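Q: Need a 3D model of the sequence below.
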Amino acid sequence: MFGISPLGWVHTLGSLPAIPVAFYMFARHGRIVPKSAPGAVYFVCMLIGAATAFLVAHQPVSYIIGALTVLLVLAGYGVERILGPTRIARYVETVCLSLSAFLLMVPTVTEILRRVPDGHPLVTDLKSPLLLGAQGGLLAILVIGLTAQIVYLARQSKTAVNRP
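A: I've put the predicted structure just below:
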């Protein structure tokens, strides 16, 4: 079904839960929160998806996306251990994990458009206007969302400093 190999299904089903978990955390907290139950699910699913991407990748860019995703997830989840619970650690954590969600969604949207409906996909060419538009939309969401997150964190920091 959909031309996906058994290993491809492990990759897909292993990383799939990260999508609703990320949306939940973005909606609830405005960012991915590592020290939470959904944050733990996100971490595991992202590592499964990124690690198995190396085994199912067909495009050279897939290896870059997989490696970058692993680095961003590890940096996002590990920065507080290195820098402590500082303001800069919160910024680095937020940026890294938001970028990891973006790197999850770009191949996800691309693969969905290239495989659905089964046998007659919406997109057959990587330069399709529909695909490029969807990827551009994801980039716009990333830029707007990351800007909003940084502004929110900055305001949170100012409020905390101004409290007696």
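Q: which residues does the residue nearest to Ser36 when sequence neighbours are not counted contact?
A: Nearest residue to Ser36 in three dimensions, chain neighbours excluded: Met25, at 7.4 Å (C-beta to C-beta, 6 or more residues apart in numbering). For the C-beta atoms, the positions are set from N, CA and C on the backbone; glycine is no exception. Applying C-beta atoms under 8 Å, 6 or more residues apart in numbering to Met25 gives the contacts 31-33, 36, 38-39, 42.
Q: again, but for Leu130
A: With C-beta under 8 Å, 6+ apart, Leu130 has these contacts: 113, 122-123.
Q: if we can go back for a sec, where's the residue nearest to Ser36 relative to Ile112, distance?
A: According to C-beta to C-beta, to the nearest Å, Met25 and Ile112 sit 22 Å apart.
Q: how far out from the middle of the chain is the top helix by length along the chain?
A: Longest helix in the chain by number of residues (criterion: DSSP state H): helix 129-162. The chain centroid and the centroid of helix 129-162 are separated by 13 Å, computed with C-alpha atoms, centre = their mean, to the nearest Å.
Q: Restricted to helices, list the contacts of Met25.
A: 38-39, 42.
Q: Centroid-nearest residue for this structure?
A: Ala101 (1.2 Å; C-alpha atoms, centre = their mean).
Q: thinking it is in contact with Ala22, fair?
A: Yes. Assessed by C-beta atoms under 8 Å, Ala101 is found in contact with Ala22 at 4.7 Å.
Q: Give me the common contacts of these two.
A: With C-beta under 8 Å, 6+ apart as the test, Ala101 and Ala22 both reach Ile32.
Q: any idea how far Ser62 is from Leu68?
A: In terms of C-beta to C-beta, Leu68 sits 11 Å off from Ser62.
Q: Same question for Ser5.
A: Distance from Ser5 to Ser62, by C-beta to C-beta: 14 Å.
Q: which of those two has more neighbours?
A: Higher neighbour count among Ser5 and Ser62: Ser62, with 14 against 10, using other C-beta atoms under 10 Å.
Q: Over to the nearest residue in space to Met1 that is not next to it in sequence: give its phi and psi.
A: Nearest in space to Met1, with sequence neighbours left out and distances taken as C-beta to C-beta, 6+ apart, is Asp118 at 6.4 Å. Main-chain torsions, Asp118, degrees, to the nearest 10: phi -60, psi 120.
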